[in-house]
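Student: I'll drop the sequence and a predicted model, then ask my questions.
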Amino acid sequence: MSRIERAVRVYSKLFALPSARILLIVSLLLSLFMAFLSNISFYLRTLDLIIFPYIICESVVGIWGSLIVSAIMSLMIIKGKTKVLNFRRLIALNTFSVVLLYAVYGLPTLVSIGDYEVAVFSLIIGIAIMTSFRIIACYSISQVSVLEVITISTIQPFLLMLLREVLLNFLFPRELPVPSVKQYIIPLILILLIFLFSTSIYLKTVNSSVKSSLGVGGLELFKAFIAEWTEQEDAPLEMLLTRIGEERTLPVAVICFKNIKERIKAILLIPTIHPGPFKTIGSSLLPHFLAKELKQKTGAEVIVLHGPCDHSLNLTSKNQLQYVLNEIIKNINDISYVDGATSITYAKEGAMTVKTQTLGDLTLIIATRSPLPMDDISLGVGLLTTKIIEKEGSKKAFFVDAHNCMGETFEDVLIGSETAKELILAAQKSFKQLLNMPIRPLKIGVAKGRDINIPLEKGLGSDGVSVLLMEIGSEYYAYVVFDSNNLDFGLREQIIDRLRKELGIKDAEVMTTDTHEVNAVSPSKGGYVPLGREINREELISYVVDLTKQAEKNMEPVKVGSKIVEIPKLKVMGEQQVSILTSAIPIGYSIAKNAAIATFIPTLVASILFLLLFI
């Protein structure tokens with residue numbers, strides 16, 4: 001599994017909040033429980049029944065009321081500057097904040113059976129911890145200013161204390177054993193200032209945790225990630241990725257099929273730009289974007305295959321997709337066409353299977369390890385294989401990573417690995433067979449569809465399913481391409497077997513675009529779902545068969561033309577940056593945890609010693 005894939009699986013640890021209505025009901029129930037927990041000890045100490053009406057008032061007016069009002073006031077202060085802190089999330093934040101406060105205040109009070117000094121002591125410390133937590137949370141996930149963060153972080157504890165004092169002094173005028181902070185305002189303010197200072201040191205430490213190596217702060221990165229996850233705001237994250245990215249020139253193979261009317265009927269595109277990192281970030285939408293836009297420009301059906309590339313070759317921003325498209329369009333008119341194609345040959349070496357085919361004057365090299373799992377084949381491996389095949393007699397060649405089997409564990413294929421060695425040997429064996437194959441007239445039919453009920457969450461991207469059917473001599477061959485990120489174990493073999501038995505296809509290959517549009521689309525998933533794992537496979541296979549029949553109906557003779565387009569000045573994530581970026585999550589978590597211990601334990605001890613002077 002690639003490093004980015006591991007990072008994206010953090011989504012499986014994220015959660016979706018319930019609706020605002022449910023949160024309000026839960027917060028009311030928790031308010032009642034917390035008020036009871038923190039005040040029942042005072043009844044046990046005094047047996048004064050007036051405690052119970054006070055519990056109701058504190059829970060509804062003090063805790064729940066301040067929770068709601070502070071959320072509304074925070075929205076008024078933010079004024080739409082960030083979508084992350086909406087009413088629902090503010091209610092959730094406020095609810096957790098009071099739970100934290102009343103855990104620090106209520107438990108010691110209960111254990112001490114309502115000891116007044118312990119209660120006051122715990123209440124002041126609880127307010128300080130609650131305020132620090134709110135500052136850390138608001139600053140870490142939102143794009144608002146520091147002053148606005150401090151303001152919205154202090155509204156709730158201020159309102160809560162104010163409403164408690166109103167209850168104690170006006171609604172319950174006779175003396176209650178419930179602690180009041182009005183005579184401890186100065187120590188409360190001083191303790192808050194101590195915690196505020198510690199919080200600023202903590203945030204600065206966490207933010208600088210990866211800045212020296214990556215060039216952007218850890219909290220900057222986290223804010224951008226949260227904005228994308230919660231509100232699909234791509235711009236902050238793409239801006240950061242562009243800052244740390246590097247420029248590369250990358251090849252894209254363009255294979256065009258032109259009919260006797262001189263109209264381009266179909267185009268195969270093989271970019272070495274990786275369609276990631278996830279959702280709509282960077283080049284994740286590359287396959288669908290190119291297929292859709294190029295069809296509008298040329299009228300041809302466009303099928304995008306997965307070239308040799310990994311996450312280091314993710315574009316840093318989707319704004320570059322149009323540039324890639326323009327570079328392809330500029331070169332299509334320069335393509336010259338020739339007759340014919342060869343049959344598909346294949347060879348195995350170890351676990352690797354490599355298929356080769358000559359289309360016009362270009363040799364297509366398709367690698368798969370199915371039914372064993374495999375992730376991305378690096379650009380280096382693809383280019384090395386291509387050069388070897390060209391040295392052995394191909395006029396020009398291009399590499400395709402079928403990307404068609406996912407298991408529990410798998411890694412990228414890098415130069416020098418055993419898998420790469422097997423791949424190159426299998427390619428050489430297959431090409432030797434291809435040299436003996438004659439070029440014969442070619443007919444093709446093409447069909448594409450997305451009218452099948454498989455959502456992104458189940459692994460099928462926006463470009464759906466594509467079938468290129470080829471008649472070479474009297475034999476039929478098919479390329480089936482899913483706009484998905486890998487296939488579940490065994491699906492490839494099931495599709496090929498059905499096409500052979502039901503339609504008489506001599507050979508077929510089933511591939512994916514490796515689109516990362518399907519990655520991280522649901523926090524309940526472990527990163528993404530390979531196509532075929534959570535769907536009715538029979539329905540999908542039948543759909544492929546139907547598309548193949550549609551392709552057969554529009555078959556016609558074609559000539560083939562190809563060109564390898566070098567696209568310069570592409571801003572990609574880069575190998576070193578990917579390594580640092582993906583390690584930032586565990587490193588950042590470790591630093592955040594250790595910094596919290598190193599910062600707040602001394603702060604807590606100092607605050608306790610300071611309060612002993614006043615209480």
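Tutor: Perfect, I can see it now. Just so we're clear, the structure is a prediction, and the values are computed from it rather than from any experiment.
Student: what are the ranges of the strands in the stretch 101-250 of the chain?
Tutor: Using DSSP state E, counting those that start in this stretch, the strands assigned to the stretch 101-250 of the chain run over residues 246-259.
Student: Helices along that one, start to end?
Tutor: Shown for the stretch 101-250 of the chain, the helices assigned by DSSP state H, counting those that start in this stretch span residues 116-141, 146-166, 185-207, 211-214, 218-231, 235-244.
Student: Quick check, pLDDT for the closest residue to Ser317 other than its chain neighbours.
Tutor: Residue nearest to Ser317 in three dimensions, not counting chain neighbours: Glu238, with 4.3 Å by Cβ to Cβ, 6 or more residues apart in numbering. In this view, the C-beta of every residue, glycine as well, is placed from N, C-alpha and C. The predicted local confidence for Glu238 comes out at a pLDDT of 92.
Student: What of the one 5 residues further on?
Tutor: Turning to Arg243, the model gives it a pLDDT of 90.
Student: Then Val118?
Tutor: According to the predicted model, the pLDDT of Val118 comes to 88.
Student: just the one 4 residues further on next, same as before
Tutor: Looking at Ser122, its pLDDT is 91.
Student: Ok, Ile4 next?
Tutor: Note for Ile4: predicted pLDDT of 52.
Student: With Arg450 instead?
Tutor: The predicted structure scores Arg450 at 95 on the pLDDT scale.
Student: ditto for the one 3 residues further on
Tutor: In the prediction, the pLDDT value recorded for Asn453 is 93.
Student: List the residues that contact it.
Tutor: If a contact means Cβ atoms under 8 Å, 6 or more residues apart in numbering, then Asn453 has no contacts.
Student: secondary structure element for it?
Tutor: Asn453 belongs to no helix or strand when elements are defined using DSSP states H and E.
Student: Now do it against Gly464, distance only.
Tutor: Taking Cβ to Cβ, to the nearest Å as the measure, Asn453 falls 12 Å from Gly464.
Student: related to what we said a few turns ago, surely the residue nearest to Ser317 touches Gly282?
Tutor: Yes: using Cβ atoms under 8 Å, Glu238 is in contact with Gly282, at 6.6 Å.
Student: any idea of the mean pLDDT for the strand ranked longest in the chain?
Tutor: Residue-count comparison of every strand in the chain, with assignments taken from DSSP state E, identifies strand 556-572 as the longest. Here strand 556-572 scores 97 as its mean pLDDT.
Student: That one to strand 246-259, inter-axis angle?
Tutor: Orientation of strand 556-572 against strand 246-259 (axes from the mean of the first three to the mean of the last three Cα atoms, to 10 degrees) gives an angle of 170 degrees.
Student: next helix or strand past strand 556-572?
Tutor: Using DSSP H and E, the helix or strand that follows strand 556-572 in sequence is helix 575-612.
Student: In the stretch 451-600 of the chain, where is pLDDT below threshold?
Tutor: Counting by pLDDT under 70, the stretch 451-600 of the chain contains low-confidence ranges at 522-527, 584-585.
Student: can you rerun that using 50?
Tutor: Applying pLDDT under 50 to the stretch 451-600 of the chain flags residues 524.
Student: what does the stretch 101-250 of the chain give?
Tutor: Within the stretch 101-250 of the chain, no range satisfies pLDDT under 50.
Student: So Glu238 and Gly282 - more neighbours on which side?
Tutor: Set side by side, Glu238 and Gly282 show more neighbours around Gly282, with 32 against 22, by other Cβ atoms under 10 Å.
Student: Local confidence estimate at the more buried one?
Tutor: The predicted local distance difference test score for Gly282 is 95.
Student: ok, the closest residue to Lys395 other than its chain neighbours to Asn314 distance?
Tutor: Excluding the flanking residues, the one nearest Lys395 by Cβ to Cβ, 6+ apart is Asp361, at 4.8 Å. Applying Cβ to Cβ, the value for Asp361 to Asn314 is 31 Å.
Student: Which of these two has more residues huddled nearby?
Tutor: Asn314 (29 against 16).
Student: What score does the more buried one have for pLDDT?
Tutor: pLDDT, Asn314: 96.
Student: Could you double-check that it sits in contact with Gly276?
Tutor: Yes: counting by Cβ under 8 Å, Asn314 touches Gly276, with 4.5 Å between them.
Student: Just the element for the nearest residue in space to Leu315 that is not next to it in sequence, please.
Tutor: Closest residue in space to Leu315, ignoring its immediate chain neighbours: Ser283 at 3.7 Å, by Cβ to Cβ, 6+ apart. In the assignment (DSSP H and E), Ser283 maps to no helix and no strand.
Student: Run through who's touching the helix or strand Val545 falls within.
Tutor: Applying DSSP H and E as the criterion places Val545 in helix 537-553. When contacts are defined by Cβ under 8 Å, 6+ apart, helix 537-553 is touched by residues 445-449, 452, 454, 465-469, 478, 480, 491, 494-495, 498-499, 502-503, 505, 531-532.
Student: Going by neighbour count, which residues of that helix are buried?
Tutor: Under the neighbour-count criterion of 16 or more other Cβ atoms under 10 Å, helix 537-553 has Leu540, Ile541, Tyr543, Val544, Val545, Leu547, Thr548, Gln550, Ala551, Glu552 buried.
Student: Tell me, how many residues neighbour Asn259?
Tutor: For Asn259, the neighbour count with other Cβ under 10 Å is 16.
Student: Show the residue spans covered by the strands in the stretch 251-400 of the chain.
Tutor: For the stretch 251-400 of the chain, the strands identified by DSSP E, counting those that start in this stretch occupy 264-271, 301-304, 337-339, 345-349, 352-359, 362-368, 396-401, in order along the chain.
Student: Am I right that Ile328 is in contact with Lys297?
Tutor: No: here Ile328 lies out of contact with Lys297, judged by Cβ under 8 Å, at a distance of 9.2 Å.
Student: how many neighbours does the nearest residue to Gly65 once chain neighbours are set aside have?
Tutor: Using Cβ to Cβ, 6+ apart and skipping the chain neighbours, the partner closest in space to Gly65 is Leu163 (6.2 Å). As a burial measure, Leu163 scores 18 neighbours (other Cβ under 10 Å).
Student: tell me the contacts of Leu163?
Tutor: Shown in contact with Leu163 (Cβ under 8 Å, 6+ apart): Val61, Gly62, Gly65, Ser66.
Student: Out of those residues, the closest to Leu110 would be?
Tutor: Within the set of these, Gly62 lies nearest Leu110; the separation is 17.9 Å, counting by Cβ to Cβ.
Student: Excluding chain neighbours, what is closest to the closest one?
Tutor: Gly62 sits nearest to Leu163 (Cβ to Cβ, 6+ apart), 4.4 Å away.
Student: Then Cys405?
Tutor: Nearest one to Cys405, counting by Cβ to Cβ, 6+ apart, is Ser370 at 3.6 Å.
Student: From Asp507, how far off is the one you found?
Tutor: According to Cβ to Cβ, Ser370 stands 14 Å off from Asp507.
Student: for Ser198, same thing?
Tutor: The value you get for Ser198 to Asp507, if Cβ to Cβ is used, is 67 Å.
Student: in what helix or strand does Ser97 lie?
Tutor: For Ser97, the host element (DSSP H and E) is helix 87-111.
Student: Ser198 and Asp507: who's more crowded?
Tutor: Neighbour tally, Ser198 and Asp507, criterion other Cβ under 10 Å: the higher count belongs to Ser198, 21 against 18.
Student: how close does that one get to Ala128?
Tutor: Between Ser198 and Ala128 the distance is 10 Å, computed by Cβ to Cβ.
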